[in-house]
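**Q** Just a sequence and a predicted model for now, questions to come.
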Amino acid sequence: MNKVFLIGNLTRDPELSETSGGVAICRFSIAVNRRSGNADGERKADFYRVTAWRGLGETVARYAKKGNKVAVIGNIELNTYTDRDGAERTSVDVVAQDVEFLTPKGSSEDYGGDSGYSQAPAPSASGRKKPALQSFDDDGDIPF
């Protein structure tokens with residue numbers, strides 16, 4: 001099974017583009033703090049490149065920006081390519097299946113200034129709605 005769960009802050013604004021076939025693709029990077037620090041107590045961060053496709057990508061590009069905290073659920077892809085010098089390289093990328101927005105609307109976090117959302121985000125970037133809860137009459141009787 002190839003599944004990754006990451007929580008981090010966007011390191012730059014998401015970039016939305018389209019493939020030659022017209023499919024939306026959004027690329028962004030997140031910084032994820034490590035749990036433990038070094039000997040001096042300094043905490044380090046790991047940086048991940050994330051790709052979100054179609055409607056999910058459009059939603060991320062619309063609502064997220066640099067500094068926002070997000071949770072990304074997806075899978076890891078290893079890609080090989082040839083760099084400018086002709087050397088073969090491998091990149092590790094995350095393909096998002098779901099992105100949850102964790103920075104509350106209008107809050108400022110990490111990068112200073114207003115890093116809140118321009119509009120209220122959807123409960124989930126994948127467009128799924130949470131089911132409505134129904135009330136029930138609790139007359140205090142124990143049902144057994």
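**A** Perfect, thanks for sending it.
**Q** For this protein, which helix or strand comes out least confident on mean pLDDT?
**A** strand 24-37 (a mean of 92; mean pLDDT, DSSP states H and E).
**Q** in that one, what counts as buried?
**A** The neighbour-count check on strand 24-37 (16 or more other C-beta atoms under 10 Å) flags 24-30 as buried. Every residue, glycine included, has its C-beta placed from N, CA and C.
**Q** can I get the CA coordinates of the next helix or strand after it in PDB?
**A** Next along the chain after strand 24-37, taking DSSP states H and E as the criterion, comes strand 43-53. Taking Å, rounded to 0.1, in the frame of the first residue of the first chain, the C-alpha atoms of strand 43-53 are listed here in PDB:
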ATOM      1  CA  ARG A  43      13.700  21.600  14.700                       C
ATOM      2  CA  LYS A  44      14.100  20.800  11.100                       C
ATOM      3  CA  ALA A  45      11.500  20.600   8.300                       C
ATOM      4  CA  ASP A  46      11.100  18.400   5.300                       C
ATOM      5  CA  PHE A  47       9.800  19.900   2.000                       C
ATOM      6  CA  TYR A  48       7.400  18.000  -0.200                       C
ATOM      7  CA  ARG A  49       6.300  18.700  -3.800                       C
ATOM      8  CA  VAL A  50       2.600  18.000  -4.100                       C
ATOM      9  CA  THR A  51       0.400  17.700  -7.300                       C
ATOM     10  CA  ALA A  52      -3.400  17.900  -7.200                       C
ATOM     11  CA  TRP A  53      -5.400  17.100 -10.300                       C
END
